[in-house]
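K.L.:
okay, sequence plus prediction incoming.
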Amino acid sequence: MSVTDFPASRPSAVDLDALIVGAGPTGLALAAQLRAFGARFRIIDRLTDRARESRALAVQARSLELLQMLGLGEALVARGRTSTTLALHLDGRRVAEVPLGEIGATDTRFPFILFVSQAETEALLGEHLGAAGVTVERGVALTVVESSADHVRCVLRHADGREEHLRVSYLAGCDGAHSTVRAAMGVRFEGGAYPETFVLGDVEADGPLLPDAINSFVGRGVAMFFPLGRPATWRVIAMAADDVGGAAARDAGNTSDDLSLAELQTIVDAPTGGAIRVHDPVWLTRFRLHHRQTAHYREGRTFLVGDAAHIHSPVGAQGMNTGIQDAWNLGWKLALVTRGSADPRLLDSYEAERWPVGRFLLRYTDRAFGTLTRVTSSGALAGWARRIVVPSVLPRVMGSRRLRASAFRFVSELGIRYRRSPAVREGEPRLHGGPRAGDRLPDVRLTRGGRPVWLQEAVSSPRLALLLCGDAEGWDVGRLAGIQARYPELLSVHHVTRHAAPAVQGALVDERGEALARLGVHDAAQYLVRPDGHVGFRCAARALPELERYLVEWYPPLVPGP
């Protein structure tokens with residue numbers, strides 16, 4: 001890999017709006033976004049086939065909401081399970097069973113954690129792209145990156161040895177923890193590795209496992225059995241305690257491809273008290289966990305997305321979901337900028353919005369992982385905590401619907417917000433209550449034309465959505481028409497009212513007032529919702545000049561105003 005900067009005076013004609021490197025869930029999600037906006041792009045991956053192993057096993061509510069913008073959320077739900085149970089075993093004793101299904105969120109159509117393999121998520125996205133005529137080019141490696149002020153020159157090496165030269169407007173590195181794009185950027189991947197050794201196996205298992213449940217065994221080390229179904233009944237992930245092989249594995253320098261079934265059994269025996277026998281393995285591997293993040297997600301016209309920018313402990317099942325949401329945040333911005341519908345400064349907001357999310361996630365998972373390792377150590381205090389404290393406290397905590405709902409709000413990533421982003425604004429007069437600029441638009445059932453519809457789905461499109469909330473009468477129709485005329489391909493307008501308005505075709509009717517209450521609307525308000533479902537601008541009342549100023553600043557009109 002070589003990286004060269006050359007003068008911007010070279011010809012600026014480009015072959016593509018974007019080149020996506022890496023075709024895992026993150027790269028596929030970015031490709032789906034760019035395809036929805038009509039951008040010119042290609043997606044490549046140096047591997048000749050997608051991963052068949054089921055790595056990530058959970059898709060969170062916010063990711064499902066984003067996928068549903070393309071009609072894929074419900075399709076993915078149909079491939080997994082939305083309700084399962086967590087069975088907690090401490091030192092071989094089952095001490096709690098906690099349902100993980102409908103957890104209590106009331107502002108999403110996906111109030112659950114979806115348990116589905118990463119292979120299914122990738123397959124669904126791949127099928128969606130294939131149906132749209134997009135080919136994932138496999139066995140193609142990025143070998144050279146040359147950056148300038150107005151384009152990026154890339155050299156690709158195909159499986160047959162052929163080299164291809166491309167000029168692209170932007171380059172997106174979705175190529176994982178060992179990112180070639182990150183190396184080309186010269187960006188450091190700061191952090192380190194946890195000292196603990198982990199093993200993974202897709203296996204059959206006999207013993208006191210609650211069927212179709214997540215069985216968590218905590219003792220000297222930890223072992224988690226996930227109901228997989230195929231290609232094996234169980235996925236086991238276990239942490240080796242130092243006194244049962246963890247330190248020896250590190251000292252011997254064992255790599256991720258030398259795990260035997262006997263070693264897996266030895267490591268599983270410690271937290272399960274020897275009660276579980278594993279057999280008939282389909283996949284075995286040894287791995288280490290890292291906690292790293294780049295200092296920047298953007299360098300000129302090159303971006304880092306997903307695991308190329310941040311990796312962390314799998315506590316909370318956040319990794320794949322965070323990558324998908326990185327892609328959704330970047331995709332619409334890239335598409336609008338490349339077609340001239342948005343100011344290029346909008347791309348700066350990708351790092352401003354997503355870097356803090358990655359940093360917070362890194363710190364949260366690091367602390368949670370530290371707590372887990374302390375509880376599972378072989379010391380006397382840890383043993384006392386497992387025998388006395390955890391069995392009495394944890395079932396009460398996990399049995400509280402209020403606490404579980406609060407935890408779900410975090411784990412589901414529904415609470416992510418970008419209030420400090422330079423690309424969002426609170427207008428005057430200010431609204432009191434409801435989602436603020438930078439927050440996610442909540443979801444709720446409404447009717448349109450007498451038929452039920454979800455708010456998020458009703459306004460979802462590759463456009464900015466202007467919600468005019470309150471009675472349909474009283475808005476400056478002439479001014480609205482002028483705004484729409486200046487943004488014919490960028491802006492859609494939706495009325496949200498308590499009562500059907502015959503004069504307004506397609507109004508969203510909120511008969512129970514639930515949507516207006518969630519939006520903090522007492523009289524009238526306006527929300528400008530971005531294509532990723534976050535609020536870009538909002539204010540109370542019906543006056544439109546502030547909205548117009550915001551639009552002109554970030555989205556220069558293709559048609560001049562009066």
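P.N.:
Received the coordinates, thanks. Numbers count the residues shown, from 1 in each chain.

K.L.:
now do stretch 132-152, average pLDDT.
P.N.:
Regarding stretch 132-152, the rounded mean pLDDT is 96.

K.L.:
could you do stretch 515-526 as well?
P.N.:
Rounded mean pLDDT across stretch 515-526 is 95.

K.L.:
mind listing what's buried in that stretch?
P.N.:
When burial is assessed from 16 or more other CB atoms under 10 Å, stretch 515-526 yields the following buried residues: 515-516, 518-521, 524-526. Every residue, glycine included, has its C-beta placed from N, CA and C.

K.L.:
export the residues you listed to CSV and tack on distance to residue 308 and secondary structure?
P.N.:
Below are the buried residues of stretch 515-526 laid out as CSV (distance: CB to CB, whole Å; DSSP: H, G, I helix; E, B strand; the rest coil):
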residue, distance to residue 308, secondary structure
515, 38, helix
516, 41, helix
518, 36, helix
519, 36, coil
520, 38, coil
521, 41, coil
524, 44, coil
525, 39, strand
526, 37, strand
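
K.L.:
just put those residues in TSV and tack on distance to residue 298.
P.N.:
Shown next, in TSV, are the buried residues of stretch 515-526 (distance: CB to CB, whole Å):
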residue	distance to residue 298
515	36
516	38
518	34
519	32
520	33
521	36
524	38
525	33
526	31
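
K.L.:
and the strands in the stretch 201-350 of the chain?
P.N.:
213-219, 221-227, 234-240, 277-287, 290-294, 298-299, 302-304, 310-311 (DSSP state E, counting those that start in this stretch).

K.L.:
and the angle for the first one with strand 234-240?
P.N.:
If I follow you right, that is strand 213-219. 20 degrees (axes from the mean of the first three to the mean of the last three CA atoms, to 10 degrees).

K.L.:
direction included, what does strand 213-219 pair against?
P.N.:
Note on strand 213-219: by DSSP bridges, its sheet partners are strand 84-90 (parallel), strand 221-227 (antiparallel).

K.L.:
would you single out the least confident of the ones you listed?
P.N.:
Mean pLDDT is lowest for strand 84-90 among the strands paired with strand 213-219, at a mean of 82.

K.L.:
hang on, the earlier thing: closest one to residue 555 among the strands paired with strand 213-219?
P.N.:
Shortest separation from residue 555 across the strands paired with strand 213-219 is recorded for strand 84-90, at 43.6 Å, computed as CB to CB.

K.L.:
okay, buried residues for that closest one please.
P.N.:
84-90.

K.L.:
including distance to residue 58, could these go into TSV?
P.N.:
Conversion of the buried residues of strand 84-90 to TSV gives the following (distance: CB to CB, whole Å):
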residue	distance to residue 58
84	10
85	14
86	12
87	17
88	17
89	20
90	23
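
K.L.:
and which of those residues is nearest to residue 216?
P.N.:
Nearest to residue 216 among those, with distances taken as CB to CB, is residue 88, at 5.2 Å.

K.L.:
the residue nearest to the closest one when sequence neighbours are not counted is in what secondary structure piece?
P.N.:
Closest residue to residue 88 apart from its sequence neighbours, by CB to CB, 6 or more residues apart in numbering: residue 96 at 4.3 Å. For residue 96, the element it lies in under DSSP states H and E is strand 93-100.

K.L.:
orientation of that strand relative to strand 213-219 in degrees?
P.N.:
Going by the same axes, to 10 degrees, strand 93-100 makes 140 degrees with strand 213-219.

K.L.:
for strand 93-100, what does the pLDDT average out to?
P.N.:
On average, strand 93-100 scores 77.

K.L.:
on contacts alone, who are the packing partners of it?
P.N.:
Applying 3 or more CB pairs under 8 Å, 6 or more residues apart in numbering; DSSP states H and E, one finds that strand 93-100 makes contact with strand 84-90, helix 390-399.

K.L.:
can you list the strands that that strand pairs with?
P.N.:
Strand pairing for strand 93-100, determined by DSSP bridges: strand 84-90 (antiparallel).

K.L.:
off-centre distance for the partner strand?
P.N.:
The chain centroid and the centroid of strand 84-90 are separated by 26 Å under CA atoms, centre = their mean, to the nearest Å.

K.L.:
in the stretch 451-562 of the chain, which spans are helices?
P.N.:
All helices of the stretch 451-562 of the chain, identified by DSSP state H, counting those that start in this stretch, fall at 455-459, 477-486, 514-518, 545-554.

K.L.:
any regions of the chain where pLDDT drops low?
P.N.:
In the predicted model, the chain carries pLDDT under 70 at residues 1-12, 51-54, 100-105, 241-257, 315-316, 366, 368-401, 403-405, 559-562.

K.L.:
so what are the domain limits for it?
P.N.:
2-79+116-192+291-351, 81-115+195-288+376-416, 425-554 (automatic domain parsing).

K.L.:
packed most tightly, which of those domains would that be?
P.N.:
Highest mean neighbour count among these (mean count of other CB atoms under 10 Å): domain 2-79+116-192+291-351, with a mean of 20.

K.L.:
which residues of the stretch 201-350 of the chain fall in helices?
P.N.:
246-252, 261-272, 319-338, 348-375.

K.L.:
how about the secondary structure of residue 406?
P.N.:
Here residue 406 is helix, with the state taken from DSSP: H, G, I helix; E, B strand; the rest coil.

K.L.:
still on that earlier bit, and which of the buried residues of stretch 515-526 is nearest residue 276?
P.N.:
residue 518 (46.1 Å).

K.L.:
what about that closest one, distance to residue 438?
P.N.:
Going from residue 518 to residue 438 by CB to CB, to the nearest Å gives 16 Å.

K.L.:
in a helix, that's where residue 122 is, yeah?
P.N.:
Yes: counting by three-state DSSP, residue 122 is located in a helix.

K.L.:
let me know whether residue 88 touches residue 216 as I believe.
P.N.:
Yes: with contact defined as CB atoms under 8 Å, residue 88 reaches residue 216; the gap is 5.2 Å.

K.L.:
mind checking the SS state of residue 35?
P.N.:
helix.

K.L.:
contacts only, for it.
P.N.:
41, 129, 132, 134 (CB atoms under 8 Å, 6 or more residues apart in numbering).

K.L.:
also residue 334?
P.N.:
Neighbours of residue 334 in contact, by CB under 8 Å, 6+ apart: 17-18, 34, 39, 170, 172, 347.

K.L.:
please name the nearest non-neighbouring residue to residue 466.
P.N.:
Using CB to CB, 6+ apart, the nearest residue to residue 466 is residue 493, at 4.8 Å.

K.L.:
from residue 527, how far out is the one you found?
P.N.:
11 Å.

K.L.:
quickly list what's touching both of the two.
P.N.:
The contact lists of residue 493 and residue 527 share residue 466, where a contact means CB under 8 Å, 6+ apart.
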